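Peer 1: my questions are about this predicted structure, shown below with the sequence.
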Amino acid sequence: MFASGSALASGMYAAIDVGQGTIKDACTNAPAGTTGCTDKATATRIGIGYKLPLEFLAVEADYGNVGKASGTVGGVSAEVKASGFQVWGIASFPVVPGAVSLFGKVGMANIKTSNSLA
């Protein structure tokens, strides 16, 4: 999902993404006896960007909730969540001017995980 509004300054845009995140191998590598293991959850991202005066370049910063895994081992519930900040440089090339563009992103992410036992 993409959102933008005229209330933003010229060249500014906002983005909201909703999808499915997976913590790879969380359930396949879980200890023997793990029950109720799930490694998929709703992933979300909210960001803001600025299209530079050179129309084909932009910068973007966002925060995302990447995913969650949970399960129970020996009566103890465990959960792992991942989220973090990202910054991007974006270059685009119009294929159909004003309608369709190809783009590439290069950036950095600082993703952190949190663990809990209950």
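Peer 2: Okay, I see it. These figures come from a predicted structure and were not determined experimentally. Residues are numbered from 1 along each chain as shown.
Peer 1: can you name the residues that contact Cys27?
Peer 2: 34, 37-39, 69, 71 (Cβ atoms under 8 Å, 6 or more residues apart in numbering). Bear in mind the C-beta positions are built from the backbone N, C-alpha and C, glycine included.
Peer 1: one more time with 10 Å
Peer 2: Residues in contact with Cys27 (Cβ atoms under 10 Å, 6 or more residues apart in numbering) are 34, 36-40, 69-71.
Peer 1: got it, and Leu117?
Peer 2: Going by Cβ under 10 Å, 6+ apart, Leu117 touches 73, 76-79.
Peer 1: include secondary structure, distance to Ala109 and pLDDT when you put those into CSV, please.
Peer 2: Shown next, in CSV, are the contacts of Leu117 (DSSP: H, G, I helix; E, B strand; the rest coil; distance: Cβ to Cβ, whole Å; pLDDT from 0 to 100):
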residue, secondary structure, distance to Ala109, pLDDT
Val73, strand, 30, 87
Val76, strand, 31, 91
Ser77, strand, 28, 92
Ala78, strand, 24, 90
Glu79, strand, 21, 90
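Peer 1: nearest to Gln86, of these?
Peer 2: Glu79 (22.9 Å; Cβ to Cβ).
Peer 1: the nearest residue to that closest one once chain neighbours are set aside is in what secondary structure piece?
Peer 2: The shortest distance from Glu79 to any non-neighbouring residue, by Cβ to Cβ, 6 or more residues apart in numbering, is to Ser70 (4.3 Å). Using DSSP states H and E, Ser70 maps to strand 57-73.
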